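Q: Prediction below, plus the sequence it came from.
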Amino acid sequence: MSRQSEYTSLPQEMDDDTDRPKDNSHGKLYKLIYWSSILIVLCTVFDGVLLSILAYRYSFVLNVPSLPATKPLERVSTYINFDRLYKNQSIMSSPRGPIISLTRSQAHVSSADPIKVFPQSTASWMTYVGTVPVSDRRLWANSNMATIMQSRVLDYGMESCRLTISIPHMNDTALISSELDINGSRLEVWTLSTDARLDVGALSWNTKPVRSKYLGSIRLAYGETHQLGPWSCSAGSYQTFEFVCPAEVDCRVDVTTVGESQIGVYLMQYQTA
């Protein structure tokens, strides 16, 4: 019998490397880390540039000098070039009588409570169409209280103003309401320095405009009318007044006039052009 030998191949290293599947996970991880690092560096550089730009602009803003406080814009004049027109002496305007400008705003302030803002009147009439606000004007002054009133000058060429205080007769209850005997009471009248319309919703003793000129004093009595002035008042301007009791004088005035008529406090304007 012949012995048969079996052939068995020995394992080869090349066979192992060829047959085994390659593992690329380490290469992918390396690439991910590489590109992530580049992205982080780029973001850091971008943030640094952005912060530098913002810091530069902020420092520029800080170096800009502060602008002075600006005045409120002037009201647009409806009488453009009227001055040039009436400088021509050959053009004569028609004579006109005085006109009346009623007070547009009024408020009360107290030196005893300098931050208090007094509420506005809510008086009204009941009519067939509903309630209608009453055009009431209250002149109220004593040792602590003062009344602020403001009118607006109407019409061009009517720029000579007189402040008028007209108190109806005591028995004229349709036009006046008063609980005090004001006969003989004396009030001082001042003009206030402001070119703007009063904000009566924020007006107090501390916030009222400063006094600019003493107009004079008046002694009140029922059934009498007094005037102060005249002075030059440009068309469209606001004229603001303060009514106070003289210092160290015991006076008490509380008079309310109603209606769109020539009573209470108002401006009389006289022709100038």
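A: Looks like it arrived, so ask away. Numbering: from 1, shown residues only.

Q: How many residues are close by P230?
A: 15 (other Cβ atoms under 10 Å). Heads up, the C-betas are built off the backbone N, CA and C, glycines and all.

Q: Just to check, it is in contact with R162?
A: Yes: the criterion here is Cβ atoms under 8 Å, and P230 meets it with R162 at 5.0 Å.

Q: Mutual contacts of these two, please.
A: Common contact partners of P230 and R162 (Cβ atoms under 8 Å, 6 or more residues apart in numbering): Y270.

Q: Output the one helix or strand D83 maps to as CSV, restricted to C-alpha atoms.
A: Assigned by DSSP states H and E, D83 belongs to helix 82-87. Extracted in CSV, the C-alpha atoms of helix 82-87 (Å, rounded to 0.1, in the frame of the first residue of the first chain):
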residue,chain,number,x,y,z
PHE,A,82,-46.7,139.5,3.9
ASP,A,83,-44.0,141.7,5.4
ARG,A,84,-42.4,142.3,2.0
LEU,A,85,-45.9,143.1,0.5
TYR,A,86,-46.8,145.6,3.1
LYS,A,87,-43.4,147.4,3.1
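
Q: Just give me how far it sits from the chain centre.
A: Centroid separation for helix 82-87 versus its chain: 33 Å, with Cα atoms, centre = their mean, to the nearest Å.

Q: Quick check: what element follows it along the chain?
A: strand 99-102.

Q: That next one pairs with which strands?
A: strand 264-270 (antiparallel) (DSSP bridges).

Q: For the partner strand, which outside residues touch it?
A: Identification of contacts with strand 264-270 by Cβ under 8 Å, 6+ apart yields 98-103, 137, 139, 149, 151, 153-155, 158-167, 227, 230, 233, 239, 241, 243, 255, 257.

Q: Measure how far it is from the centre of its chain, please.
A: Computed by Cα atoms, centre = their mean, the chain-centroid distance of strand 264-270 equals 27 Å.
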